[in-house]
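Novice: Pasting a predicted model and its sequence here:
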Amino acid sequence: MASQADYKDRQFLAVIGDEDSVTGLLLAGIGHVTAPPDNQKNFLVVDSKTDNAAIEAAFERFTTERKDIGIVLINQHIADRIRYRIDTYTQAFPTVLEIPSKDHPYDPEKDSVLRRVRRLFGE
Amino acid sequence: MSSTTAATTTPNTTTELATPATTQTTQETTTTQTSPDDKIDTLLARYLVLLDEYTTLRTTLNNLQKTLFQNLARANFQAERGVAYYAKDYYDERMQASRKLNVLVSEKDGLSIPEFTLNKPFQPPAGDDKASPERGGEIEKQTAEGAKTKIQDSDGVNDTETKEPENVTDEKDKKTKKKAPNTDPLRWFGILTPLALRQAQGVAVTAVEDIIPRLASVSLEMAEVELEVRRARKKRAKAEKEEEKKKKRLQPQDEDRQELAEKIGGLDVNDEDREPAVGVGA
């Protein structure tokens, strides 16, 4: 199980999502920009111009590089673009959660947790 | 005397007889609890309860997200085109998180389960202009210290004399202290934000405070239980393999015995056949 050092300083939520999802979650007061000169944001707004490499880099940064993030929220349709990366991610901290977006409602078939459930019951 | 001793001994014997029976029953219950099949069953039952909670949390999160997007769309629709659009262009580049996570690891049925909770920000009572205690307190301290040094620089004659002006300046500082910057994200979009945007914020706060941390905790607990189920299944498979091996070891011996028995039987038959022949011959 994870040691105390793994979760002790994990106090932020990170978001990778479309503009409305990120705006909504930032309105709740989870947005954080670290002190200069780093100025690292804990969110990434993804639009039609954002390429998969940028999404993957953000995911990598939030999950492995930064040690202050406890939960990573990602829109399901964006998670689909880096599905191989999401499915192979097995660490407890930070926890990755897929959330629905405005244009793409939640699909339980694609949810990584429910996929795990199906695997456990041998389907 | 003998009758009394008999009377006293009989209860002892009954208790002695009763105790092994109870121990047997307890042993039986412990064996049933520790058997791999039952362990897997209890783990799966727990897993299904968690799955149920996960799905209910998912549906509530979906509903909250729907209302959030509706409210955001309404706010954007009401806004004057080109003047205000409630999106990334108006985010504060120096934003600081007012809602932070708190992770606690607790022991649950032999498994260490991490649990996420959200630290709610300090909300001053309505009509109170006081700033949040963290920042306001820091600023207050800084201003008070600054005032003290100023006094010491100006008239460093006596300590007793300086005490009185300090108190006076503290009171003045309290009156003229700086307000801490408002960390409410609504302020990024102006002072008079539409009702729909405030409603969107309310929905987002419920999602972030109540649903998302619990959803993450349940997801982690499910992962832990999955691991335990897999371990228990492996143990059961190993135990089954060992049993099969034992059976295989025993089976050849049985076959040999059967062969021997057949041989012995055959010899007996032959002997029986022979005996009358011997008798006839005699």
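Specialist: Nice, thanks for sending it over.

Novice: confidence score at residue 48?
Specialist: Going with chain A. On the pLDDT scale, A:Ser48 is placed at 86.

Novice: My question was about chain B, not that one.
Specialist: For B:Leu48, the pLDDT comes out at 92.

Novice: surely B:Leu64 meets B:Ala207?
Specialist: Yes. Counting by Cβ atoms under 8 Å, B:Leu64 does reach B:Ala207; the two are 4.5 Å apart. No exception for glycine: its C-beta is placed from N, CA and C like everyone else's.

Novice: List, one by one, the residues from the stretch 51-200 of chain B near chain A.
Specialist: B:51, B:54, B:58, B:61-62, B:65, B:68-69, B:72-73, B:86-88, B:91-103, B:105, B:112, B:114, B:116, B:121, B:183-186, B:197, B:200 (Cβ under 8 Å from any Cβ of the partner chain).

Novice: Return the members of these classed as buried.
Specialist: Buried residues within those, counting neighbours by 16 or more other Cβ atoms under 10 Å in any protein chain shown: B:51, B:54, B:58, B:61, B:65, B:68-69, B:72, B:86, B:91, B:95, B:97-101, B:103, B:105, B:114, B:116, B:183, B:185-186, B:197, B:200.

Novice: Please name the nearest non-neighbouring residue to B:Val218.
Specialist: Setting aside the residues directly before and after it, B:Val218 is nearest to B:Tyr54 in space (Cβ to Cβ, 6 or more residues apart in numbering or on different chains), at 5.0 Å.

Novice: before we move on, which element is the one you found in?
Specialist: helix B:36-78 (DSSP states H and E).

Novice: Parallel or antiparallel, which strands does whichever helix or strand comes after that helix pair with?
Specialist: Following helix B:36-78 in sequence order, the next helix or strand is strand B:100-108 (DSSP H and E). Sheet pairing of strand B:100-108 (DSSP bridges) gives strand B:111-119 (antiparallel).

Novice: where are the low-confidence patches of chain A?
Specialist: A:1-6, A:123 (pLDDT under 70).

Novice: measure B:Ala45 to chain A for me?
Specialist: In this view, B:Ala45 and chain A are 13 Å apart by Cβ to the nearest Cβ, to the nearest Å.

Novice: I meant to write B:Ala79 there.
Specialist: In terms of Cβ to the nearest Cβ, B:Ala79 sits 13 Å off from chain A.

Novice: wait, that residue sits on B:Pro194?
Specialist: Yes. Contact criterion Cβ under 8 Å: B:Ala79 and B:Pro194 qualify, at 7.0 Å.

Novice: does the residue in chain A sticking out farthest from the centre belong to a helix or a strand, and which?
Specialist: The centre of chain A is farthest from one residue, A:Gly122, which by Cα atoms, centre = their mean lies 27.3 Å away. Using DSSP H and E, A:Gly122 falls within no helix or strand.

Novice: which residue ranges form the helices in the chain?
Specialist: By default, I'm working from chain A. Ranges of helices within chain A are A:4-7, A:19-27, A:52-60, A:76-81, A:83-87, A:112-120, based on DSSP state H.

Novice: not quite, I wanted chain B
Specialist: B:2-34, B:36-78, B:133-154, B:159-176, B:195-206, B:212-281.

Novice: which non-adjacent residue is nearest B:Arg198?
Specialist: B:Leu186 (6.6 Å).

Novice: got a list of what that neighbour touches?
Specialist: Applying Cβ atoms under 8 Å, 6 or more residues apart in numbering or on different chains to B:Leu186 gives the contacts A:Leu27, B:Thr193, B:Leu197, B:Arg198, B:Gln201.

Novice: switch to 10 Å and redo it
Specialist: Neighbouring residues of B:Leu186 by Cβ atoms under 10 Å, 6 or more residues apart in numbering or on different chains: A:Leu27, A:Gly29, B:Tyr86, B:Thr193, B:Leu197, B:Arg198, B:Ala200, B:Gln201.

Novice: For it, give its distance to B:Arg94.
Specialist: B:Leu186 sits 16 Å away from B:Arg94, going by Cβ to Cβ, to the nearest Å.

Novice: repeat for A:Phe12
Specialist: From A:Phe12 to B:Arg94 the distance is 15 Å (Cβ to Cβ).

Novice: go on, B:Ile191?
Specialist: 18 Å.

Novice: Next: B:Ala261.
Specialist: Plainly put, B:Ala261 is 92 Å away from B:Arg94 if you go by Cβ to Cβ.

Novice: Then B:Asp210?
Specialist: 28 Å.

Novice: May I see the buried residues of stretch A:71-82?
Specialist: A:Ile71, A:Val72, A:Leu73, A:Ile74, A:Asn75, A:Gln76, A:His77, A:Ile78, A:Ala79, A:Arg81, A:Ile82.

Novice: Any idea how far apart the tips of that stretch sit?
Specialist: 17 Å (Cα to Cα, to the nearest Å).

Novice: thinking again about what came up before, and the helices of chain A as TSV, adding distance to chain B?
Specialist: TSV is the format used below for the helices of chain A (distance: least, Cβ to the nearest Cβ, whole Å):
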stretch	distance to chain B
helix A:4-7	4
helix A:19-27	4
helix A:52-60	14
helix A:76-81	11
helix A:83-87	13
helix A:112-120	5
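
Novice: For those helices, give me CSV that also has distance to B:Arg230.
Specialist: Output for the helices of chain A, formatted as CSV (distance: least, Cβ to Cβ, whole Å):
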stretch, distance to B:Arg230
helix A:4-7, 22
helix A:19-27, 34
helix A:52-60, 26
helix A:76-81, 24
helix A:83-87, 17
helix A:112-120, 8
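
Novice: Highest mean neighbour count out of the ones you listed?
Specialist: Mean neighbour count (mean count of other Cβ atoms under 10 Å in any protein chain shown) peaks for helix A:19-27 among the helices of chain A, with a mean of 25.
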